[in-house]
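A.B. asks: Next input, structure requested:
(2 chains)
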2 protein chains.
Amino acid sequence: MAVEAFLNSSKLLQHWPSCLLGLLLVLAIKYVLNQRKKSSKNYSTDRDGDIETEFEEEARGDLQPALEEKPHVQFVPGQTLNPNGARRFLELVRGRRSIRSFSPLTKPSLGVIEDCIRAAGTAPSGAHTEPWTFCVVEEASVKQSVRAIVEHEEQINYNKRMHPQWVTDLRPLQTNHVKPYLTDAPYLILIFKQTYGTAKDGRRKTHYYNEISTSISAGILLCSLQAAGLSSLVTTPLNCGPALRELLGRPVNEKLLILLAVGYPTDDCKVPDLKRKRLDEILVKY
Amino acid sequence: MAVEAFLNSSKLLQHWPSCLLGLLLVLAIKYVLNQRKKSSKNYSTDRDGDIETEFEEEARGDLQPALEEKPHVQFVPGQTLNPNGARRFLELVRGRRSIRSFSPLTKPSLGVIEDCIRAAGTAPSGAHTEPWTFCVVEEASVKQSVRAIVEHEEQINYNKRMHPQWVTDLRPLQTNHVKPYLTDAPYLILIFKQTYGTAKDGRRKTHYYNEISTSISAGILLCSLQAAGLSSLVTTPLNCGPALRELLGRPVNEKLLILLAVGYPTDDCKVPDLKRKRLDEILVKY
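C.D. replies: Predicted coordinates:
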């Protein structure tokens, strides 16, 4: 065979068994190293693949809990909306709608926004890590920069990154990459999840379930805004996280989860004619 | 060399150039196939790696939105808690605590739980997909099965899967793998996120941001339970999702997000002596 003749003419190739053995050795070392890496990450891996937490390797005897250990105290029940608290709360949140036309002329006081964020901060969190940061943007120039970043990325999203089905699914909501509400709304609230924190002794502190915890906190925030008579729009701007994080000078452990526009609707504000699912479509009894 | 002599004695190895060419060909084909797979998943991949959505390939001209396209309607503001709505809501949710001692003797009516889930169902969701299922477990034998599954997995979690730091971080909360609240609490609510749905025409419907949406809905549910004077415990049982999904006969597109125990506290119920972060630790102004 011509190929064999050609290959045999090379000095290097004549020593192929040695080369092959060397290659096998390299592959074997790589495999062993990979296995070791895998087994060191074996902790806390959920079968669903949902949960991923990383821990710095350290001496086992040296472990301290992130929270102080002290005696538990008697539980004291808080306020309720009773009588008929569940129904009265339902009547409150049932009226919440996402709006996209904010009046630039009417502005709630910052104190109201602060109370809403205090409420959001009561959310439960994995091992009480409270892994959230709420950035409240009131300054016009910063809102303008946020809008520029979001519109730039969203134009690429709508044209290239989003699947045509996604763009089609958004058509009934009449959204596109132009986002006047980002400068019209008196406040933007950018909610960051802290993917990890720093303990008092300077070590990295794991924030268990930080996305779920921060989203729950966002749910409480929405109720709170509704209670205060404010409207909002929940958005999750695709690919804008890193640029917005840099704009606001937030550290690398924080990742943008939700961008909320907050304010009062314009007089002619319109909303999609949406129905919500019936109870029997979302509730199953056992 | 002895090795060379041994290798040369094999008939197969004498034809190594052909074998090598064959191997290279296989690797090349594998590489090309992988690249094609990558580029077909190029849509909707977030730079942060947070968002992953999959679409069935189909003819572009054939796309229909999941929602009906109809004219938008005038926005009508809903109820509020004003005057001082934000402050009054804060006073309500500030009193919420996660409890672990539920009274098995006092039981809220199912109607109250239903209203709370109606409230949760008002949450916003990506492209209004409403990607949540609430399984309410009242039946003692089902609660017993849930407890058996969770305690079995949690024992493995505490002993093997969770990093010692995680177990240490949970020590101040005095939790372990024994979970009496799963049978004491009059209701368990298992919240599933629907990772995808089915459109009217039978095609797979993508559920954008289903984890964030469902977690927001859980946040609204917590507020609602508090309004009704009910206490709860939010848990995210590691590795129990598939077994609990099967126990409740839920379809494969649903993944367990949160398991909630709901009811009234025992008289001697104790809670960890936790402080929440101050406002200036969670709020940044711009």
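A.B. asks: quick one: low-confidence parts of the stretch 51-200 of chain A?
C.D. replies: Within the stretch 51-200 of chain A, the stretches with pLDDT under 70 are A:51-61.
A.B. asks: For it, just list every one of the strands.
C.D. replies: Using DSSP state E, counting those that start in this stretch, the strands of the stretch 51-200 of chain A run over residues A:73-74, A:132-137, A:187-194, A:196-198.
A.B. asks: how about those strands, which one is nearest residue A:230?
C.D. replies: Taking C-beta to C-beta as the criterion, residue A:230 comes closest to strand A:187-194 out of the strands of the stretch 51-200 of chain A, the separation being 8.7 Å. Placement of C-beta: from N, CA and C, glycine included.
A.B. asks: any idea which strand is longest in chain A?
C.D. replies: Counting by DSSP state E, the longest strand found in chain A is strand A:254-263.
A.B. asks: Using TSV, lay out the strands of the stretch 51-200 of chain A together with distance to chain B and mean neighbour count.
C.D. replies: TSV is the format used below for those (distance: least, C-beta to the nearest C-beta, whole Å; neighbours: other C-beta atoms under 10 Å in any protein chain shown):
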stretch	distance to chain B	mean neighbour count
strand A:73-74	5	10
strand A:132-137	4	24
strand A:187-194	9	24
strand A:196-198	11	16
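A.B. asks: Counting by contacts, list what the longest strand of chain A packs against.
C.D. replies: helix A:181-184, strand A:187-194, helix A:210-227, strand A:231-235, helix A:241-247 (3 or more C-beta pairs under 8 Å, 6 or more residues apart in numbering or on different chains; DSSP states H and E).
A.B. asks: ok so, going back, I'd like the strands of the stretch 51-200 of chain A laid out as TSV, including distance to residue A:228.
C.D. replies: As requested, the strands of the stretch 51-200 of chain A are arranged in TSV below (distance: least, C-beta to C-beta, whole Å):
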stretch	distance to residue A:228
strand A:73-74	31
strand A:132-137	14
strand A:187-194	12
strand A:196-198	29
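A.B. asks: Relative to residue B:184, which of these is closest?
C.D. replies: The minimum distance between residue B:184 and those falls on strand A:73-74, with 18.3 Å, by C-beta to C-beta.
A.B. asks: Check which helices and strands that closest one sits against.
C.D. replies: Contact here means 3+ C-beta pairs under 8 Å, 6+ apart; on that basis strand A:73-74 packs against strand B:270-271.
A.B. asks: tell me the most buried of the helices and strands packed on strand A:254-263?
C.D. replies: Of these, the one with the most neighbours on average (mean count of other C-beta atoms under 10 Å in any protein chain shown) is helix A:210-227, at a mean of 28.
A.B. asks: Could I get the CA-only coordinates of that one as PDB?
C.D. replies: The C-alpha coordinates for helix A:210-227 follow below in PDB (Å, rounded to 0.1, in the frame of the first residue of the first chain):
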ATOM      1  CA  ASN A 210     -29.600  31.500  46.200                       C
ATOM      2  CA  GLU A 211     -31.800  31.700  43.000                       C
ATOM      3  CA  ILE A 212     -34.900  30.200  44.600                       C
ATOM      4  CA  SER A 213     -34.500  32.300  47.800                       C
ATOM      5  CA  THR A 214     -34.000  35.600  45.900                       C
ATOM      6  CA  SER A 215     -36.900  34.800  43.600                       C
ATOM      7  CA  ILE A 216     -39.200  34.200  46.600                       C
ATOM      8  CA  SER A 217     -38.000  37.500  48.000                       C
ATOM      9  CA  ALA A 218     -39.000  39.100  44.600                       C
ATOM     10  CA  GLY A 219     -42.500  37.600  45.000                       C
ATOM     11  CA  ILE A 220     -42.800  39.200  48.400                       C
ATOM     12  CA  LEU A 221     -41.600  42.500  46.900                       C
ATOM     13  CA  LEU A 222     -44.300  42.400  44.200                       C
ATOM     14  CA  CYS A 223     -47.000  41.900  46.800                       C
ATOM     15  CA  SER A 224     -45.600  44.800  48.800                       C
ATOM     16  CA  LEU A 225     -45.600  47.100  45.800                       C
ATOM     17  CA  GLN A 226     -49.200  46.200  45.100                       C
ATOM     18  CA  ALA A 227     -50.100  46.900  48.700                       C
END
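A.B. asks: separation between the residue lying closest to residue A:257 once chain neighbours are set aside and residue A:284?
C.D. replies: Closest residue to residue A:257 in three dimensions, ignoring its sequence neighbours and counting by C-beta to C-beta, 6 or more residues apart in numbering or on different chains: residue A:193, at 4.7 Å. Residue A:193 is 30 Å from residue A:284, where distance means C-beta to C-beta, to the nearest Å.
A.B. asks: Ok, residue A:204 next?
C.D. replies: 40 Å.
A.B. asks: same thing with residue A:25?
C.D. replies: On the measure of C-beta to C-beta, residue A:25 and residue A:284 end up 57 Å apart.
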